[in-house]
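Participant: what's the 3D shape of this:
(one chain, ligands or ions: 1)
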Amino acid sequence: MVSHEPNSPTPYRLRSLASGGALSRLALIGLAVLAVVACFAYVGGWLSPHRLTQAEIIDTFEEVSGVHSGFRRNHAKGVCITGYFESNGEGARLSKAAVFRPGRVPVIGRLSLAGGEPYMADGPAAIRSMALAFRPPDGEEWRMAMIDIPVFPVKDPESFWEQLLASRPDPKTGKPDPAKMKDFVSHHPETARALEIVKANPFSSGFANASYNALDAFRFVSAAGASTPVRWSMAAVEPFEPETPAQSATQDKNYLFDAVAARIGQGPLQWRLAVTVGQPGDPTDDATLQWPSTREQVDVGTLTINHIEGEAPGNCRDVNFDPLVLPSGIEPSDDPLLSARSATYSTSFTRRAGEKKEPSAVQIPAGQIPAGGKGV
Ligand code: HEM
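Facilitator: Modelled structure (predicted):
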């Protein structure tokens, strides 16, 4: 029972609660609670109703490409790969991450084409992509998602979204309105410059001889605590050849995927992991800009892919290659695309994880899958 007596032995003294000191303590507690609520409201976007959210970006992907049950909202067409990364130890001076100690680390990954349509036909201008998860025994995964163009066409999530809006199909024609994209580019000189660089670099003839770029800058942190801005690429060991018109003239809508499956059937494919070391003043917050070609490049090891298979339960189909899943020793830069990617991939993953799965366009015939080639 609550006592009203000043000398009551119970701990509840209402009069003392009404005293000046107690009131200001209560006010402080109230303020602390309000601050926590405000933080949640801010993170949830309630304080800034016009702030772009990951759900809006994914909704727009769905407007552009439709909803394809169970598939990624971008890079929807893909296959799963596995193999290993063999570190040569050269990365250890820049980063304390365990993957850079000399030795092998198992890797799983995915080859895909940019775009939200899982049954799209392979084509000469389709951006080839490679996503990887390095899985060292200490459990500190390193995930990355890279593409084979030299710069990204936009520098922040808002421009990415505007570009998506501009590529929505016109309800009258069912096709994107080229005038809208032209208008977007005319208001984004950084995109116009980036597209010039992209156009100057032809696409490779396949997944096997494409080099894949992380594009966003990151920071490597050494054992001594030194933080270095970096960008990295998986540079193909197979010699580069441009795609020819004869390739896409084929009836095979999966000609790029079928070719890489056949190639891995004959033997492993390799890429060198090339880390570009940034200098003070190199932009780390703008993936539309290249760093000078004179920057030091460190070859830190070799990726070997010796197995390929169609998307299926439990393989790369069910992984979110979030570029912010990083081991200790690799940190994000101030590039605004990174947190937007992480948030958007998560929303795409959550939606597709809860949907009924349809078979993927690319199935690898059992006879073509290299026997015993799984993992290390
Ligand atoms: C704000 C910018 C970006 C947005 C909103 C975005 C959005 C997405 C989404 C929604 C997915 C599907 C994720 C999933 O369901 O697992 C995806 C996949 C992917 N993205 Fe991005 N992306 C962005 C920038 C980039 C950049 C800069 C790169 C490359 C440097 C990139 C490369 C990839 C790749 C390779 C995949 C396929 C990953 C896989 O195979 O699972 N994206 N992106």
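
Participant: Give me every residue in this structure lying close to the ligand.
Facilitator: Within the chain, the positions lying close to the ligand (Cβ under 6 Å from any ligand atom) are 57, 72-75, 78, 110, 112, 129, 131, 145-147, 152, 157, 160, 214-216, 287, 320-321, 337, 340-341, 344-345, 348-349, 352. Where C-beta positions appear, they are placed from N, C-alpha and C, glycine not excepted.

Participant: and the top strand by length along the chain, what does it pack onto?
Facilitator: If you go by DSSP state E, the chain has its longest strand at strand 297-309. Packing partners of strand 297-309 (3 or more Cβ pairs under 8 Å, 6 or more residues apart in numbering; DSSP states H and E): strand 77-87, strand 103-113, helix 255-266, strand 269-277.

Participant: May I see those organised as a markdown table, with mean neighbour count and mean pLDDT added?
Facilitator: Compiled in a markdown table, the helices and strands packed on strand 297-309 are given as follows (neighbours: other Cβ atoms under 10 Å; pLDDT from 0 to 100):
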| stretch | mean neighbour count | mean pLDDT |
| --- | --- | --- |
| strand 77-87 | 24 | 98 |
| strand 103-113 | 22 | 98 |
| helix 255-266 | 20 | 97 |
| strand 269-277 | 20 | 98 |
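
Participant: Out of those, which is closest to residue 328?
Facilitator: Closest to residue 328 of the helices and strands packed on strand 297-309, according to Cβ to Cβ: strand 103-113, at 14.7 Å.

Participant: what angle sits between the closest one and strand 297-309?
Facilitator: Counting by axes from the mean of the first three to the mean of the last three Cα atoms, to 10 degrees, strand 103-113 points 70 degrees away from the direction of strand 297-309.

Participant: what does the helix or strand following strand 103-113 contact?
Facilitator: The helix or strand immediately downstream of strand 103-113 is strand 128-134, counting by DSSP states H and E. Contact partners of strand 128-134, identified using Cβ atoms under 8 Å, 6 or more residues apart in numbering, comprise 75, 78, 85, 99, 105-114, 141-148, 203-204, 206-207, 210, 212, 234, 256, 271, 303, 316, 319, 321, 325, 327.

Participant: okay, the angle between strand 128-134 and strand 103-113?
Facilitator: When the same axes, to 10 degrees is applied, the directions of strand 128-134 and strand 103-113 differ by 150 degrees.

Participant: what's the average pLDDT for the helix or strand following strand 128-134?
Facilitator: Per DSSP H and E, the first helix or strand lying C-terminal to strand 128-134 is strand 142-147. Average pLDDT, strand 142-147: 98.

Participant: just use 21 as the starting number from now, easier for me
Facilitator: Fine by me, first position is 21 from now on; the one you just mentioned is strand 162-167.

Participant: Can you dump the C-alpha atoms of strand 162-167 in CSV for me?
Facilitator: Output of strand 162-167 as CSV, limited to C-alpha atoms (Å, rounded to 0.1, in the frame of the first residue of the first chain):
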residue,chain,number,x,y,z
TRP,A,162,33.5,-10.3,-46.7
ARG,A,163,30.7,-9.7,-49.2
MET,A,164,30.9,-7.6,-52.3
ALA,A,165,28.8,-7.0,-55.5
MET,A,166,30.7,-5.7,-58.5
ILE,A,167,29.9,-4.8,-62.1
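
Participant: Could you list the paired strands of the longest strand of the chain along with their orientation?
Facilitator: The pairing partners recorded for strand 317-329 under DSSP bridges are strand 97-107 (antiparallel), strand 289-297 (antiparallel).

Participant: Quick check: residue 321 touching residue 108?
Facilitator: Yes. Contact criterion Cβ atoms under 8 Å: residue 321 and residue 108 qualify, at 5.0 Å.

Participant: Looking at the two, which has the bigger crowd around it?
Facilitator: For residue 321 and residue 108, the more surrounded residue by other Cβ atoms under 10 Å is residue 321, and the numbers stand at 24 against 16.

Participant: Relative to residue 126, how far out is the residue lying closest to the more buried one once chain neighbours are set aside?
Facilitator: Nearest residue to residue 321 in three dimensions, chain neighbours excluded: residue 107, at 4.1 Å (Cβ to Cβ, 6 or more residues apart in numbering). From residue 107 over to residue 126 the distance is 12 Å, taken as Cβ to Cβ, to the nearest Å.

Participant: now swap in residue 380 and tell me
Facilitator: 23 Å.

Participant: Sort out which of the residues of the chain next to the ligand are buried, if you could.
Facilitator: By neighbour count, with 16 or more other Cβ atoms under 10 Å, these hold 77, 92-95, 98, 130, 132, 149, 151, 165-167, 172, 177, 180, 234-236, 307, 340-341, 357, 360-361, 364-365, 368-369, 372 as buried.
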